[in-house]
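Asks: Just the structure for this:
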Amino acid sequence: MRYLLMIYSQERAEGAPPELIDEMKRSHIAVMEESAKKGVLLGVEALTPTSLATSVRMKNGAAIITDGPFAETKEQLAGFYLLECRNLDEAIEWAKMIPTGCKGGEGCIEIRPISELPRRR
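Replies: This is a model prediction of the structure:
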């Protein structure tokens, strides 16, 4: 089954210290390499800050376009891993390895099974 592991973390206006950014990159690379080696990695992406986001809402049939995220929260979606796992327990084990947002209680990894949609031929 495919699982989306969404990484939520806190954005900081001042940005993270360079040594922390380097440590996070190394840690993510290790998880990406290990999950690719095990054959479960289907995709991984980092997202730009929410200041570059655009939200589209529909109201009475008209699109309302606004800058920024759709909700004011302490944590923002920072990126994701798309994995093919045997079950939720395996997805949880991979989520434990993802470094962003897990240290210091400043974020979380949300795991969601992918709902298979019918494919058109």
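Asks: which residues in this protein form helices?
Replies: Ranges of helices within the chain are 18-37, 88-97, based on DSSP state H.
Asks: which residues of the chain score low on pLDDT?
Replies: Low-confidence segments of the chain (pLDDT under 70): 13, 15, 69-73, 101-106, 121.
Asks: if we go to 90?
Replies: Within the chain, the set of residues satisfying pLDDT under 90 comprises 8-25, 48-58, 61, 63-78, 98-108, 116-121.
Asks: Tell me which of the helices of the chain sits nearest to residue 76.
Replies: The closest of the helices of the chain to residue 76 is helix 18-37. By C-beta to C-beta, the value is 15.3 Å. Any C-beta I mention is one placed from the backbone N, CA and C, and that applies to glycine too.
Asks: Can you show me the CA trace of that closest one as CSV?
Replies: Taking C-alpha atoms only, helix 18-37 is exported to CSV below (Å, rounded to 0.1, in the frame of the first residue of the first chain):
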residue,chain,number,x,y,z
PRO,A,18,23.4,26.8,8.7
GLU,A,19,24.7,23.9,10.8
LEU,A,20,21.1,22.7,11.6
ILE,A,21,20.2,22.9,7.9
ASP,A,22,23.3,20.9,7.0
GLU,A,23,22.4,18.3,9.6
MET,A,24,18.8,18.0,8.4
LYS,A,25,20.0,17.6,4.8
ARG,A,26,22.4,14.8,5.8
SER,A,27,19.7,13.1,7.8
HIS,A,28,17.1,13.3,5.0
ILE,A,29,19.6,12.0,2.5
ALA,A,30,20.3,9.0,4.7
VAL,A,31,16.5,8.2,4.9
MET,A,32,16.1,8.7,1.2
GLU,A,33,19.0,6.4,0.4
GLU,A,34,17.9,3.7,2.8
SER,A,35,14.3,3.8,1.6
ALA,A,36,15.4,3.7,-2.0
LYS,A,37,17.7,0.8,-1.2
